[in-house]
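> Here is my input; please provide its structure:
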Amino acid sequence: MKTIKGVSDMRDVLGRNSTSSTTAVIGRRRARGGFLALCIGSLLVLPGCEVTNPGPVQDEFLADPAAQPGLVAGSTRRLAELSTWTTYTTALLSREIFPGGQTGAGGHDVLTQGGHVQPGSFGNRFNDAQQARFIAETAIRRFNDVGAPDALLYQAHLWAGYAYRALGENWCEAVIDGGPLQPGSVYFDGAVENFTQALGLASSASERNAALAGRAAAYVWLRDWDAAAADAEQVPTDFVFWLNLDQTGGTAYHNWLYFANANQPYRAYSIWNTFFEDYYTDTGDPRTPWTDDPGEPFANAALSGFGQVPWTNQLKYTSRDDDIRLASGWEMLLIRAEAILEGAVAGADHNDAMTLINQVRTRNLSDIDEQPLDPWAATSEEEAWTFLKRERGIELWLEGRRLGDERRWMEDGTPGDLDTPDWDGITTLFTERERSFCFDIPDSERDSNPGVPATSG
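The predicted structure follows:
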């Protein structure tokens, strides 16, 4: 078995226990209490209680101070359900992980394993994303109506911003509240608007950083590189913002990248034949750990056209309640580097971009007995782009961001390699359909919304 140093402290490597990251988990502890308030307000039936359901809760009761934290918590819960599944699904689509053939519970359909999103599919994920956005925006409207505390209004705007960002990074086209089909950039406009509002309500440096980091990432997608770099430069490198996952809400809120491959009972995917298999073997980079298990040599299903897949397992996530990182100061350095490569920083060139990229790469990891990694050396702008894309893929591995990155780089025709592994010769599963780079508007929306055309098949 591959020896892993400090795996139990992996979240510490990423800054989980730094002062700024701990205080930055806005609503982490409040969320559970708020969710309870929402449940009570919704009159859920509890074990041992006889409750008569009076029907839908009247809208005016949402203005009750006791219900207000529950609205915010409801948004974060929907975002958690969305994120835990989309990080898993997009890891397959972007070839961060190799499919093990598992379908049904704990797995994906054959087309998705092959990298293709069936038109009109994944309605459950679309619903999660839209509900996260809608609940947060409903909270904002009600909070403004009744003059709720700025702290709650800040959280509602913050989570609306991250919900919009998730929609934009994962769906190519936008639909808002039953409206017409629009360009996906509409989602990032919404993200910027809400993060800007949150900034005006922030009461601490950590709250400001959470909004700045989210807005910087949204500006990247709007190709406003001046604004993206300006926001990113204000976020300290030790800042980390997490989305809370836990087991209290059932399997929907588990970390599915862990659970689907924890051998309890699933071995649904593998690190075999990905970029990260050789990369981790060669470098020992603690951001991309994986291991093998001689007692379990294969994934627990067969891959179409291939057979049994050699099983290796990621160790970035090691429990069902491991949180997912939404933003970090290290990502901000990479945004600044990309802005330089995009020509948005006067007087800077690819060497300045490489300085920032290598600041991320060679940071001190002595807290887990690791030596800094060797810096990348670029002799041209094209090589610098390759290292930017590579370092961003390593830094954000299994955080649900890679598929979106691939799409925007493809749309912009940026130079440099992506390090995406070539699986075409393994089985026709990977060649019989084009690889997808985003989710489609689902049939559930197309069938009920006259402004969105039906799928073509």
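> Do you have the strands of the stretch 151-300 of the chain handy? List them.
Along the stretch 151-300 of the chain, counting by DSSP state E, counting those that start in this stretch, strands occupy 173-174, 182-183, 240-243, 269-270, 290-292, 298-303.
> is it possible to export those to TSV including mean pLDDT?
Shown next, in TSV, are the strands of the stretch 151-300 of the chain (pLDDT from 0 to 100):
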stretch	mean pLDDT
strand 173-174	98
strand 182-183	98
strand 240-243	98
strand 269-270	98
strand 290-292	97
strand 298-303	96
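> Which stretch among the ones you listed approaches L257 most closely?
Proximity to L257, assessed across the strands of the stretch 151-300 of the chain by CB to CB, is greatest for strand 269-270 (8.6 Å). In short, each C-beta sits where N, CA and C put it, glycine included.
> got the contact list for that closest one?
91-92, 97-100, 102, 260-261, 299, 309-313 (CB atoms under 8 Å, 6 or more residues apart in numbering).
> of these, buried ones?
For the contacts of strand 269-270, a neighbour count by 16 or more other CB atoms under 10 Å gives the buried set as 91-92, 97-100, 102, 260-261, 299, 309, 311-313.
> Among those residues, name the ones in helices.
Among these, the members found in helices (DSSP state H) are A91, L92.
> would a markdown table of the buried ones among the contacts of strand 269-270 with distance to S121 be doable?
Converted to a markdown table, those look like this (distance: CB to CB, whole Å):
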| residue | distance to S121 |
| --- | --- |
| A91 | 17 |
| L92 | 14 |
| I97 | 19 |
| F98 | 21 |
| P99 | 16 |
| G100 | 20 |
| Q102 | 17 |
| A260 | 18 |
| N261 | 23 |
| A299 | 23 |
| V309 | 23 |
| W311 | 27 |
| T312 | 28 |
| N313 | 27 |
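> Of the buried ones among the contacts of strand 269-270, which is the nearest to D224?
When these are compared for distance to D224 (CB to CB), A91 wins out at 28.2 Å.
> The closest one contacts W256, correct?
No. In this structure A91 lies outside contact range of W256 using CB atoms under 8 Å: 9.9 Å.
> Which neighbours do those two have in common?
Applying CB under 8 Å, 6+ apart, one finds that no residue jointly contacts A91 and W256.
> For stretch 241-248, buried residues please.
F241, W242, L243, N244, L245, D246.
> Can you tell me the number of residues neighbouring the closest residue to R208 other than its chain neighbours?
In this structure, R208 finds its nearest non-sequential neighbour in A202, 4.4 Å apart by CB to CB, 6 or more residues apart in numbering. When neighbours are defined as other CB atoms under 10 Å, A202 has 20 of them.
> For A202, give me its contacts.
A202 touches Y154, R208, A211, counting by CB under 8 Å, 6+ apart.
> Out of the buried ones among the contacts of strand 269-270, which is nearest to W423?
Of the buried ones among the contacts of strand 269-270, the one sitting nearest to W423 (CB to CB) turns out to be F98, at 7.7 Å.
> rewinding a little: with respect to P375, which of the buried residues of stretch 241-248 is nearest?
Closest to P375 out of these is F241 (26.8 Å), distances taken as CB to CB.
> Low-confidence bits of the protein, can you list those?
The chain contains residues with pLDDT under 70 at 1-63, 247, 249, 364-370, 456-457.
> Tell me which residue is most central in it.
G400 (3.6 Å; CA atoms, centre = their mean).
> Next one: that residue from T291, what distance?
22 Å (CB to CB, to the nearest Å).
> ok, now E331?
In this view, E331 and T291 are 26 Å apart by CB to CB.
> for L158, same thing?
L158 sits 36 Å away from T291, going by CB to CB.
> So for these two, which residue has more residues nearby?
Shown here are L158 and T291; by other CB under 10 Å, L158 has more neighbours (28 against 15).
> Could you give the number of residues near the residue lying closest to that one once chain neighbours are set aside?
Among residues not flanking L158 along the chain, A198 sits closest, at 4.5 Å (CB to CB, 6+ apart). Residues lying near A198 (other CB under 10 Å) number 27.
> ok, A198 touching L152?
No. Using CB under 8 Å, A198 is not in contact with L152; the gap is 11.6 Å.
> so G416 touches A384, yeah?
Yes. Contact status for G416 versus A384: in contact at 7.5 Å, counting by CB under 8 Å.
> what about the two, which has more around it?
For G416 versus A384, neighbours defined as other CB under 10 Å are more numerous around A384 (26 against 19).
> And the more buried one, how far from Y219?
From A384 to Y219 the distance is 21 Å (CB to CB).
> Same question for W397.
23 Å.
> now do T455
On the measure of CB to CB, T455 and Y219 end up 32 Å apart.
> before we move on, what about A211?
As for A211, its distance to Y219 is 12 Å (criterion: CB to CB).
> The stretch 301-450 of the chain: helices as residue ranges?
329-341, 350-361, 381-395, 402-412, 443-448 (DSSP state H, counting those that start in this stretch).
> So for A136, which of these sits nearest?
When the helices of the stretch 301-450 of the chain are compared by CB to CB, helix 443-448 sits nearest A136, at 19.2 Å.
> which residues touch that closest one?
Applying CB under 8 Å, 6+ apart, the contact partners of helix 443-448 are G120, S121, G123, F126, N127, V175, G178, V452, P453, A454, T455.
> Out of those residues, which comes closest to P69?
Checking the contacts of helix 443-448 against P69 with CB to CB, the nearest one is N127 at 22.9 Å.
> so what's that closest one up against?
Going by CB under 8 Å, 6+ apart, the list of residues near N127 reads S444.
> Repeat that for the one 5 residues further on.
Counting by CB under 8 Å, 6+ apart, A132 touches S75, T76, R78, L79, L82, W159, A163, A166.
> returning to what we had before: just want to know which of T455 and Y219 has more residues nearby.
The residue with more neighbours, out of T455 and Y219, is Y219; 24 against 15, by other CB under 10 Å.
> Spatially, which residue comes closest to that one, not counting chain neighbours?
A228 (3.7 Å).
> What about that neighbour, how many residues nearby?
Residues lying near A228 (other CB under 10 Å) number 25.
> Quick check: it vs R165, distance?
Taking CB to CB as the measure, A228 falls 13 Å from R165.
> just T288 next, same as before
24 Å.
> More neighbours: which of those two?
Neighbour tally, T288 and R165, criterion other CB under 10 Å: the higher count belongs to R165, 27 against 23.
> got a list of what that one touches?
With contact set as CB under 8 Å, 6+ apart, R165 has these partners: Y187, F188, A191, G214, A217, A218.
> which one of those residues is nearest E342?
So of the contacts of R165, ranked by how close each gets to E342 (CB to CB), first place is A217, at 14.7 Å.
> tally of neighbours for that closest one?
A217 has 27 neighbouring residues, counting by other CB under 10 Å.
> Good, wrapping up.
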